[in-house]
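Novice: predicted model follows, preceded by the sequence.
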Amino acid sequence: MKRKLIKAVCLILFFSLIVGGTNAVLRYRYTDSILSIQRFYEQEENTVDVLGLGTSHVYEGISPGVLYREYGIAAYDLCAPAQAVWNTYHYFIEALKTQSPKAVIFDVYMLNTNEPYDTPANAIKTTYGMKWSKNRTDAISASFEHADLPSLMLPFLQYHSRYAEMTEKDDAPQSRQSAYFGKCYKGYTVYDEITQIKLPDVSKFTATRQLADKHLLYYKRIIDLAVRNKITIYIVSIPYAIAQDTQTTVNTARAIAKDYKSKYVKFIDLNARLDKIGIDVNTDFANNQHLNRSGSEKVTKYLGKIISSQLKLKDRRGDPAYQTWEEDAELFYRGLDNFRLKTTTDVKKYAKLLSGMTEDYTVILADNFGKSADKTAASEFMSKNFGVAHGKGGGLWIRDGDKAFRTLAEAGKNYRQYMPFNPRDEVMLTVSRTNKQKPCQISLNGKALSAEQNSVTVFVYDNRIRAAVDTVVLSPDNGLKR
C-alpha cells in the first residue's frame, strides 16, 4: 500500500513538473498586459505611490517616468488593453496585496461598452498574468461565459498547442526594446507615431446615459475600494477622438462620482481641458484612440501637477530604493528625444537636435556630394550641420558617443565595413569607385537606405535601447526627406 502511495505521489510530481515546464515554455507573453502585472509583482512592497488602472488609454497616456522626473512620484501603470471594468477592479484588489498607493488614476473609457463579458483574447491577456488566488479565480469567473470556465481555469489547456506557432519572438518577445521592458519597466507603452485628429468641443455634449448593470456595479466597487482604503481616486477621461455618444458615458461617470461627496473621489475630464494641457491635435496623437509620447508627456505633467498639489507625497528622487524609477524616467525622455528627431521635418532643427544626441548614440553620414556638386555649397552644408569638411567626392563619416565625426572612407576608393549593432540590426557601409553618382551607401539588414546625388544620408542608432532611431536624406536644394 505504501509503495503504491509513493508511486502515485511520484507520478503526480512528475506530471506537475512536465506541465509546469511546458507552461513556462508555451505560456503567453504579452508586453502590454501579462508582462505588466508580472513586473508589478517584482516591485518592492509599498513603493508604488500612484497606481494607474484601466486600459491602453492609461498605459499609453500616463508616463511614470514623467511623474518621477517632474514631481518625484513613484507610479505604476497596472493595466491591460481594452480591460473590462471588472478586471480593473480585480487588478486593484491584487495591487493592494503588496502596495499601499496614496492615489489611483482610473480611466472611464471601458464604461462605454455594454457587453457582460470580455472578448476571450482580452480576458486571457488580463487574467493569465495574475498569480493563483481567489482573486484570480474571481476575475476569470467574471470575464467568461460560465460554460467556458472549466477549460479557462487551466491555462495549459489554452496554449498547449502553441508549439507549432512559436517563433524566436517567444524567446525574447521584447528584444528590440529590451531596455524599455527590463527591470525598470513601470507599465508604460507607447506608439511613436503622429496622426492628425479632430476633437469636438465636449462642452456641447451634456447628456448622460444608463450604464450597463455589470459595468455600473464594478465602477462603484472600484470607487468603494478606494474610499474604504482612504486612497484618493482620480477618475479621468484621457484625451482621444471622443464623440457625442461616448461623452455621455463620461458625463454619467462624473455624476456618479459626484454623488459620493467624498474627499477621496475626484473627477477630471481631460478632454475638456485640452487648451490648459497644451494638446496639439496635429502632433500629440498616435491614432484616434491614443496619445503618442509627446501627448502623454503633456497629459502626465498636467495631471501630476494636480496630484502633487493636492496630496502630500514623498519626493522619491535621489532615493536609491527608487533607482528603477530613475532609469524609467531616463528611458522615457531618451525616447522623447528620439521621437522628436524622427518627426522633425526641418533641416536646421534636425541638425540642432542631432548635435545634442551624443551619449550612447552612433551616427553615420553617407556624403554623396559628388564632384558635380557645388563644392562651396556642399562644404557649407556639411560644416554648418555636422561640423565636418566635405571631401573631394564625398565619403563616410561616423560619430560614436560624445566624439566628433571621424572619416571612415573617402569616395574614389572601394570600401566595405560590416557593423553588427545587435543580433537584429546589421549595418553594411560601402564606398564604390564605379558608382560616380551615389558612391557612398548605408545598408540596414540587407536593405540599402535611401541615398541621393548631392545629398547626405544620415543614419542614427541608439545603443542604449539597441534600435535604429532614424534615417533621413538631407540636401541644400531638397531639404529633408524620409
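Specialist: In hand now; what should we look at?

Novice: could you count how many residues lie near residue 419?
Specialist: 14 (other C-beta atoms under 10 Å). In this view, the C-beta of every residue, glycine as well, is placed from N, C-alpha and C.

Novice: ugh, typo on my part, it should be residue 207
Specialist: Quick note: residue 207 (other C-beta under 10 Å) scores 10 neighbours.

Novice: for residue 191, give its distance to residue 291.
Specialist: According to C-beta to C-beta, to the nearest Å, residue 191 stands 9 Å off from residue 291.

Novice: list residues touching both of these two?
Specialist: Residues touching both residue 191 and residue 291 by C-beta atoms under 8 Å, 6 or more residues apart in numbering: residue 60.

Novice: the more surrounded of these two?
Specialist: Using other C-beta under 10 Å as the criterion, residue 191 and residue 291 rank with residue 291 on top: 27 against 17.

Novice: the residue nearest the centre of the chain: which element?
Specialist: Central residue of the chain (C-alpha atoms, centre = their mean): residue 189, 1.6 Å from the mean position. Secondary structure assignment for residue 189, by DSSP states H and E: no helix or strand.

Novice: I'd say it and residue 59 touch.
Specialist: Yes: contact criterion C-beta atoms under 8 Å: residue 189 and residue 59 qualify, at 5.4 Å.

Novice: doesn't residue 349 lie inside a helix?
Specialist: Yes: under DSSP: H, G, I helix; E, B strand; the rest coil, residue 349 falls within a helix.

Novice: burial measure for it, as a count.
Specialist: Neighbours of residue 349 under the rule other C-beta under 10 Å: 13.

Novice: and residue 243, by the same measure?
Specialist: Neighbour tally, residue 243, other C-beta under 10 Å: 13.

Novice: that one and residue 200 touch, don't they?
Specialist: Yes: with contact defined as C-beta under 8 Å, residue 243 and residue 200 form a contacting pair (7.2 Å).

Novice: nearest spatial neighbour of residue 244, skipping sequence neighbours?
Specialist: Leaving aside its chain neighbours, residue 244 sits nearest to residue 205 (4.8 Å; criterion: C-beta to C-beta, 6 or more residues apart in numbering).

Novice: contacting residues around the one you found?
Specialist: 244, 247, 248, 251.

Novice: would a markdown table of those with neighbour count be doable?
Specialist: Shown next, in a markdown table, are the contacts of residue 205 (neighbours: other C-beta atoms under 10 Å):
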| residue | neighbour count |
| --- | --- |
| 244 | 11 |
| 247 | 24 |
| 248 | 17 |
| 251 | 17 |
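
Novice: and of these, the nearest to residue 283?
Specialist: For those, the closest approach to residue 283 (C-beta to C-beta) belongs to residue 247, at 23.4 Å.

Novice: tell me the buried residues in the strand or helix carrying residue 276?
Specialist: Element membership of residue 276 [criterion: DSSP H and E] is helix 274-277. By 16 or more other C-beta atoms under 10 Å, the buried positions in helix 274-277 come out as 274, 277.

Novice: which residues sit against the next helix or strand after it?
Specialist: Later in the chain than helix 274-277, the nearest helix or strand by DSSP H and E is helix 293-310. Under the criterion C-beta under 8 Å, 6+ apart, residues 50, 60-63, 66-67, 70-71, 73, 103, 105, 188, 190, 192, 232, 234, 236, 238-239, 266, 268, 270, 273, 276-279, 283-286, 291, 313, 332, 335-336, 339-340 lie in contact with helix 293-310.

Novice: which parts of the stretch 51-200 of the chain are strands?
Specialist: Counting by DSSP state E, counting those that start in this stretch, the stretch 51-200 of the chain has strands at residues 75-79, 103-107.

Novice: of the ones you listed, flag the one that's most buried.
Specialist: strand 75-79 (a mean of 29; mean count of other C-beta atoms under 10 Å).

Novice: give me the sheet partners of that strand and which way each runs.
Specialist: Using DSSP bridges, the strands paired with strand 75-79 are strand 50-54 (parallel).

Novice: which parts of the stretch 251-400 of the chain are strands?
Specialist: Using DSSP E, counting those that start in this stretch, strands in the stretch 251-400 of the chain cover 265-269, 361-367, 395-400.

Novice: as JSON lines, these with mean neighbour count and mean pLDDT would be great.
Specialist: Compiled in JSON lines, those are given as follows (neighbours: other C-beta atoms under 10 Å; pLDDT from 0 to 100):
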{"stretch": "strand 265-269", "mean neighbour count": "18", "mean pLDDT": "98"}
{"stretch": "strand 361-367", "mean neighbour count": "23", "mean pLDDT": "94"}
{"stretch": "strand 395-400", "mean neighbour count": "22", "mean pLDDT": "92"}
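
Novice: which one of the ones you listed lies nearest to residue 379?
Specialist: So among the strands of the stretch 251-400 of the chain, strand 361-367 is nearest, using C-beta to C-beta, at 10.6 Å.

Novice: ok, the closest residue in space to residue 344 that isn't next to it in sequence - contacts?
Specialist: The shortest distance from residue 344 to any non-neighbouring residue, by C-beta to C-beta, 6+ apart, is to residue 350 (4.8 Å). Taking C-beta under 8 Å, 6+ apart, we find residue 350 in contact with 341, 344, 472, 474, 480.

Novice: ramachandran angles for the fourth one?
Specialist: With angles defined as degrees, to the nearest 10, residue 474 shows backbone torsions of phi -120, psi 140.

Novice: now find how far off-centre stretch 366-385 is within its chain.
Specialist: 39 Å (C-alpha atoms, centre = their mean, to the nearest Å).

Novice: can you check the distance spanned by that stretch, start to finish?
Specialist: 14 Å (C-alpha to C-alpha, to the nearest Å).

Novice: elements contacting the helix or strand residue 217 falls within?
Specialist: Per DSSP H and E: residue 217 is located in helix 213-228. Packing contacts for helix 213-228, counted by 3 or more C-beta pairs under 8 Å, 6 or more residues apart in numbering; DSSP states H and E, involve helix 85-95, strand 232-237, helix 244-259, strand 265-269.

Novice: show me where pLDDT drops low in the stretch 101-250 of the chain?
Specialist: 147-180 (pLDDT under 70).

Novice: and for the stretch 301-450 of the chain?
Specialist: Counting by pLDDT under 70, the stretch 301-450 of the chain shows low-confidence ranges at 371-372, 391-393.

Novice: all the helices of it, residue numbers only.
Specialist: Using DSSP state H, counting those that start in this stretch, the helices of the stretch 301-450 of the chain run over residues 323-342, 347-356, 375-386.

Novice: could you break the chain into its assigned domains?
Specialist: 25-339, 349-481 (automatic domain parsing).

Novice: which ones are touching residue 41?
Specialist: Going by C-beta under 8 Å, 6+ apart, the list of residues near residue 41 reads 98, 131.

Novice: look up how far residue 328 lies from it.
Specialist: 17 Å.

Novice: may I have stretch 193-209 exported as PDB, CA atoms only?
Specialist: C-alpha atoms of stretch 193-209 as PDB (Å, rounded to 0.1, in the frame of the first residue of the first chain):
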ATOM      1  CA  GLU A 193       3.700  57.900 -34.400                       C
ATOM      2  CA  ILE A 194       1.800  61.000 -35.300                       C
ATOM      3  CA  THR A 195      -1.700  61.100 -36.600                       C
ATOM      4  CA  GLN A 196      -3.700  64.400 -37.000                       C
ATOM      5  CA  ILE A 197      -7.100  64.000 -35.500                       C
ATOM      6  CA  LYS A 198     -10.200  66.100 -35.000                       C
ATOM      7  CA  LEU A 199     -11.600  66.700 -31.500                       C
ATOM      8  CA  PRO A 200     -15.000  68.200 -30.800                       C
ATOM      9  CA  ASP A 201     -15.900  70.700 -28.100                       C
ATOM     10  CA  VAL A 202     -17.200  68.400 -25.400                       C
ATOM     11  CA  SER A 203     -18.800  71.200 -23.500                       C
ATOM     12  CA  LYS A 204     -21.600  71.000 -26.100                       C
ATOM     13  CA  PHE A 205     -22.400  67.400 -25.100                       C
ATOM     14  CA  THR A 206     -24.200  67.400 -21.800                       C
ATOM     15  CA  ALA A 207     -26.500  64.300 -21.900                       C
ATOM     16  CA  THR A 208     -26.000  61.200 -19.700                       C
ATOM     17  CA  ARG A 209     -26.900  57.600 -20.300                       C
END
